[in-house]
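[1] Okay, here's the prediction I keep looking at, along with the sequence it came from:
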2 protein chains.
Amino acid sequence: MGRPRNADREANGDPREMILKSARAEVEKHGILGLRVAEVAANAHYSVSIIYRYFGDRDGLLAQVLGDLYEEILDRTAKRLVSSLPATGPLTVDQLLALAPKPSDAYTNPDLKLRLQILAVAATNPALEARLKTIAQARFKLLKEWSASTVARLPEGQVYDERIFFIVIVNQLLYYNTLLGDDAVTDDEYYQFLKDKVTKI
Amino acid sequence: MGRPRNADREANGDPREMILKSARAEVEKHGILGLRVAEVAANAHYSVSIIYRYFGDRDGLLAQVLGDLYEEILDRTAKRLVSSLPATGPLTVDQLLALAPKPSDAYTNPDLKLRLQILAVAATNPALEARLKTIAQARFKLLKEWSASTVARLPEGQVYDERIFFIVIVNQLLYYNTLLGDDAVTDDEYYQFLKDKVTKI
C-alpha cells in the first residue's frame, strides 16, 4: 500500500494518482456511499487488480480518498475561520460566535453532508478511522492554539467558555436539525443559545 | 410501493416481509453501507425484480429497512428514558442529565454508530429522508411533552434550560469525539459541562 517509486510509473502518469483522481470523480458523481471499485478502475483505464495492488481493497481506497477529502474540508474551514477575523486588534464575543456553523448551513453547505458521510464510513472502515484520528488530533491541536490566541483578544474580564467550541460545536452535526420541520432550531435561536452559554460558566 | 394485499401473498409467506427480513439480516451482517440488493434477493429466495416491484429500487428498500431501524432505535431510547426515572414524585437536575447519552457510549453502544450511518444514507436518499422527517417530528413532539412533564417535577425555582436537550443533545453525534484521543471529552467533563449549562440561562 506504499506510494509507488518512479520505476513503477507508466508513460501516461502515476497509476496511484490516476486511480485516486478517478475515485474522486466517482465520489463527486455518485456520492461517497455508492463508490464502486469497478467503475473507478474503468474510468482510470486500469484493472481492478491494480487498485488492489495499490490500496489493498475497497476500504483502503476509500480510506485514502475520503481521508484526503476530509483534510480538504478542514482546510476550507480553517481558511474561512482565519480570513473572517481581522489579523490583529481587539475582538468581540459576537465575532467569534459568528464563526460557528449555522443550522441553515446544513441545507446549503455540501461540506456538512460530506462530513456526515465520511464519519459514517469511518465508523465501519478501520483504515479510514485511523487516518481520521491522525487528522482530527492534529487539527484539534491547531484549533486550541487558534482559540487561545483569539480569546486573548477579547475585552479584559470577558467570560468566554471555550467548551462551547471544543465540546458542542466539534461534535454537532446539524443535518438532523433539517429533519425537524417547525421544531428545527433557527439560526437566530442557535446563535442566541451559543451566546447565552459561552458568556457564562 | 404499497403494502401488498392478501391476494399477492405466496404460500411460503408475504414476499414483502420476507424481503425486509433478508435486508435486515444483510444490514446486521455487512453494515448499512454495504447492502447489496442481489444478496437480499438471494437470501429471501426471490428475484431482484420482485424487490423492485415492492420497493421501487435500492433506495426504496433502504428507506423502508433503515426507517424501521431508526424507529426501533428511538423506541429503545424512549423506553430507557421512561424506565430510568421514578414514575412519580420530585426529580433532580442530576437525574435528568443522567439520561443524556455519554461520550463513552460512542465506543460501546452500537445504536450510536447505526444512527450516524442512517443519517448519512438519508442525506442522499430522498425517500429515507422523507420517512425520517415524519419519524423525527412525531418523536420530537413526544420528547417535548415528556420534557415538560419531567421539568415540572424539579424543585420550585430550579433553573433548567431545556435548550441543552432540544438543541445540543438531539444534534450531537459523539462518534467524532472518539477520534480525538487525549483531547476527547470524558464522561465526567461532559456531564459537568451539561450541568453548568442547563442550570443557567
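    Alright, I've got the coordinates.
[2] where exactly do the helices run in chain A?
    Taking DSSP state H as the criterion, chain A contains helices spanning A:15-30, A:37-44, A:48-55, A:58-84, A:93-97, A:105-108, A:110-122, A:126-151, A:163, A:170-171, A:175-178, A:187-198.
[3] These: which one's closest to chain B?
    Set against chain B and scored by C-beta to the nearest C-beta, the helices of chain A come closest in helix A:110-122, at 3.4 Å. Placement of C-beta: from N, CA and C, glycine included.
[4] quick check: domain ranges of chain A?
    Domain assignment of chain A by automatic domain parsing yields the ranges A:1-56, A:67-198.
[5] Would you mind putting those into JSON lines with mean neighbour count and distance to residue B:92 alongside?
    Putting those into JSON lines (neighbours: other C-beta atoms under 10 Å in any protein chain shown; distance: least, C-beta to C-beta, whole Å) gives the following:
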{"stretch": "domain A:1-56", "mean neighbour count": "15", "distance to residue B:92": "43"}
{"stretch": "domain A:67-198", "mean neighbour count": "16", "distance to residue B:92": "21"}
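[6] low pLDDT regions in chain A?
    Per-residue confidence of chain A (counting by pLDDT under 70) places the weak regions at A:1-12.
[7] same thing but at 50, please
    Applying pLDDT under 50 to the predicted model, the residue ranges of chain A that meet it are A:1-11.
[8] related to what we said a few turns ago, for the domains of chain A, which one sits closest to residue B:122?
    Smallest distance to residue B:122 across the domains of chain A (C-beta to C-beta): 7.7 Å, for domain A:67-198.
[9] Can you show me the CA trace of stretch A:51-68 as CSV?
    Output for stretch A:51-68, consisting of C-alpha atoms alone and laid out as CSV, is shown next (Å, rounded to 0.1, in the frame of the first residue of the first chain):
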residue,chain,number,x,y,z
ILE,A,51,-6.3,-0.9,-7.5
TYR,A,52,-6.0,-3.7,-5.0
ARG,A,53,-2.2,-3.7,-5.6
TYR,A,54,-2.0,0.0,-4.6
PHE,A,55,-4.7,0.2,-2.0
GLY,A,56,-5.3,-3.3,-0.7
ASP,A,57,-9.1,-3.3,-1.1
ARG,A,58,-12.1,-1.1,-1.4
ASP,A,59,-11.7,0.1,2.2
GLY,A,60,-8.1,1.0,1.6
LEU,A,61,-9.1,3.1,-1.5
LEU,A,62,-11.9,4.8,0.5
ALA,A,63,-9.5,5.5,3.4
GLN,A,64,-7.2,7.4,1.0
VAL,A,65,-9.9,9.2,-1.0
LEU,A,66,-12.1,10.1,2.0
GLY,A,67,-9.2,11.0,4.2
ASP,A,68,-8.0,13.4,1.6
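[10] how about that stretch, does it get close to chain B?
    No - in this structure, stretch A:51-68 remains apart from chain B according to C-beta under 8 Å from any C-beta of the partner chain; the gap is never smaller than 9.3 Å.
[11] next one: that stretch to chain centre, how far?
    Using C-alpha atoms, centre = their mean, to the nearest Å, the mean C-alpha position of stretch A:51-68 is found 18 Å from that of the whole chain.
[12] again, but for stretch A:25-41
    Relative to the centre of its chain, stretch A:25-41 is centred 19 Å away, using C-alpha atoms, centre = their mean.
[13] same deal with stretch A:89-98?
    Computed by C-alpha atoms, centre = their mean, the chain-centroid distance of stretch A:89-98 equals 23 Å.
[14] Could you do stretch A:117-131 as well?
    For stretch A:117-131, the gap between its own C-alpha mean and the chain's C-alpha mean amounts to 12 Å (C-alpha atoms, centre = their mean).
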